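Enquirer: Sequence plus predicted model, see below.
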Amino acid sequence: MKIAVVGSINIDQSVETDRIPRKGETIAGQSLKYTPGGKGANQAVAMGRLGAEVVFFGCVGDDANGKAMLENLESQGVSTTHIQTIENVPTGIALITVGDDDNTIIIVSGANHYVDKPYIDKIKHYLTEFDLVVLQNEIPKETNLYVIDFCNQNHIPVLFNPAPIEGVDMDIIEKVTYFTPNEHEAELLFQTNDYEELVKKYPEKLLITMGEKGVLVQLNDGETLTVPARKTKVVDTTGAGDTFCGCSINGVLKYGLDNLDEAKLKEILTYANAGAALITMKKGAIRSMPEPENIKE
């Protein structure tokens, strides 16, 4: 399995509180930590830990955070050969507030803004070598559209995780192989919370993750499949969606894009839910990504 991730690299600045503050409110925090993150980097590490050959395409700043992120990705078995370092620009940062068994996140894109069309023009010929290209929405909207169009023209499968949802062009859903919003993102994107009707329109393409309620997908044979989440004691939900994506991708490529049935999809999604549950039991994203033996257990 050879997977290209075109996406974001961030340092996560996480503050832990008893609860998420309301608008205009100041509350005390218990701790402040800096850890490796970014949706692209998170998903790359999740897939790499499960045995996939993962190559990352993106940008970091010429600062200590950028150097640390390159070293971290390399230590996780993710190839950083094509990552560009941008001079006089900071590495992306995510400001995360953790409380109420949930989180809020603000992204400052930094060097991720330079994952632009000129950068893609330099690397796009490499993308034809991969079994799957994975995208998220923490790089410019125009870049995602550009990559999706290129992959579509060259018959390269694409998984698009539309988070954060700002600026998502809904026309792309017809061009990607998998589209994986969570329930809140799906409601905002499609202007409905009738998720069962939604997945019927995009069988085995639209996978909606619904937190503790599990994941929902429509099968090609017309059956709606809901795979429940695993119950766990939640410490931090950061990276749970990225872990789910990484585990799902590995399972899909294990069986082949054109060789899925209900039993295999259920197995894949059950495994992915277990991986996502495990990461919520620890603090942080990349450093808490589960190992395959832990997920299997």
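Expert: That came through fine.
Enquirer: Bridged to residue 132, which residues?
Expert: Going by DSSP bridges, residue 132 is paired in beta bridges with residue 3.
Enquirer: Quick one: the helices in the stretch 151-297 of the chain, in order.
Expert: With helices called from DSSP state H, counting those that start in this stretch, the stretch 151-297 of the chain shows them at 183-190, 195-201, 240-255, 262-279, 292-296.
Enquirer: now, of these, which is deepest in the fold?
Expert: For these, the largest average neighbour count (mean count of other C-beta atoms under 10 Å) is found in helix 240-255, namely a mean of 24. From N, CA and C alone the C-beta is placed, and that goes for glycine too.
Enquirer: sorry, back to before: could you dump the helices of the stretch 151-297 of the chain into CSV with distance to residue 141 and mean pLDDT added?
Expert: Formatted as CSV, the helices of the stretch 151-297 of the chain follow (distance: least, C-beta to C-beta, whole Å; pLDDT from 0 to 100):
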stretch, distance to residue 141, mean pLDDT
helix 183-190, 13, 92
helix 195-201, 22, 92
helix 240-255, 19, 77
helix 262-279, 26, 79
helix 292-296, 33, 76
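Enquirer: Please name whichever of those is nearest to residue 213.
Expert: Closest to residue 213 of the helices of the stretch 151-297 of the chain, according to C-beta to C-beta: helix 183-190, at 7.7 Å.
Enquirer: what's that closest one packed up against?
Expert: Using 3 or more C-beta pairs under 8 Å, 6 or more residues apart in numbering; DSSP states H and E as the contact test, the elements touching helix 183-190 are helix 195-201, strand 208-209.
Enquirer: Strands of the stretch 51-200 of the chain, residue ranges please.
Expert: Under the criterion DSSP state E, counting those that start in this stretch, the stretch 51-200 of the chain contains strands at 53-57, 59-61, 84-86, 92-99, 102-108, 132-136, 158-161, 178-179.
Enquirer: Where among these is average confidence lowest?
Expert: Confidence, taken as mean pLDDT, is least for strand 102-108 of those (a mean of 85).
Enquirer: returning to that earlier point: redo the helices of the stretch 151-297 of the chain as JSON lines? Include distance to residue 133.
Expert: Shown next, in JSON lines, are these (distance: least, C-beta to C-beta, whole Å):
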{"stretch": "helix 183-190", "distance to residue 133": "20"}
{"stretch": "helix 195-201", "distance to residue 133": "23"}
{"stretch": "helix 240-255", "distance to residue 133": "11"}
{"stretch": "helix 262-279", "distance to residue 133": "19"}
{"stretch": "helix 292-296", "distance to residue 133": "23"}
